[in-house]
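Visitor: Have a look at this prediction, sequence included:
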Amino acid sequence: MPSLRRSRPFGDLEATVMDRLWTAERPLLVRDVVNLMRPQRTPAYTTVMTVLGNLHRKGWLRRCRDGQAWRYQPVLSRQSYTALLMREALAVSDDRAGVLARFVEEIDPEDAAALAAALREAPEGHRPGTAS
C-alpha cells in the first residue's frame, strides 16, 4: 500500500498508465499497457516499463511474474486513490469544516446528492456525530 505521507498526484504518463490498469481490472503486462494506450499515445515499450517499475517502487502497483515478464495491477482502486487525494487535500487546512462547507457549496447537484446518500449509508462508526 502506498505510504500515507503526502502523495503527489500522478504525472501525465503515470495517470494514463494507471487509468489503463484500473480500466482493465486485471493484471497487465507492459506490452498490454502499451497496446491499450494506442492510438491516443504511442510511448516506447521501455518508457512504459520504466513508469510501471517506478509506480511499483513507489508502492502504487503490485506485480507478479509471468514467465520472464511482470504483470502489474494497482494496489488501490481508482475510488480509493481518489478518496486518498481528497483526504490529503482536506488535511492541509486548519478549517476543515469550512473547506467541507465550501466544497458542498461548489459541487454540482448530482454529486451533492451522491455525497448525502453516502453519508446516510456510512457505517455507524463513520457517521457524523458518532464515535469512531
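Guide: Structure received.

Visitor: CA only for contacts and neighbour counts going forward, please
Guide: Noted.

Visitor: what about the helices in the protein?
Guide: 12-24, 30-37, 45-57, 78-91, 96-106, 109-121 (DSSP state H).

Visitor: which residues does the spatially most central residue of the chain contact?
Guide: Nearest to the mean C-alpha position of the chain, by C-alpha atoms, centre = their mean, lies Y81 at 2.7 Å. Y81 sits next to no residue when contact means C-alpha atoms under 8 Å, 6 or more residues apart in numbering.

Visitor: Where does the prediction get shaky in the chain?
Guide: 1-7, 125-132 (pLDDT under 70).

Visitor: hang on, the earlier thing: can I get the helices of the chain in TSV with distance to D66?
Guide: Listed next are these as TSV, based on distance: least, C-alpha to C-alpha, whole Å:
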stretch	distance to D66
helix 12-24	16
helix 30-37	11
helix 45-57	15
helix 78-91	24
helix 96-106	45
helix 109-121	39
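
Visitor: Out of those, which one sits most buried?
Guide: Neighbour counts (mean count of other C-alpha atoms under 10 Å) averaged over each of the helices of the chain peak at helix 30-37, with a mean of 18.

Visitor: Show me what that helix is packed against.
Guide: Judged by 3 or more C-alpha pairs under 8 Å, 6 or more residues apart in numbering; DSSP states H and E, helix 30-37 is in contact with helix 12-24, helix 45-57, strand 69-74.

Visitor: what's the angle from the shortest one to helix 45-57?
Guide: Angular relation of strand 69-74 and helix 45-57 on a 0 to 180 degree scale: 50 degrees, by axes from the mean of the first three to the mean of the last three C-alpha atoms, to 10 degrees.

Visitor: Report all helices and strands that strand 69-74 contacts.
Guide: Strand 69-74 is packed against helix 12-24, helix 30-37, strand 61-66, with contacts defined by 3+ C-alpha pairs under 8 Å, 6+ apart.

Visitor: Figure out which of the ones you listed is closest to P109.
Guide: The closest of the helices and strands packed on strand 69-74 to P109 is helix 12-24. By C-alpha to C-alpha, the value is 26.1 Å.

Visitor: Thank you kindly, that will do.
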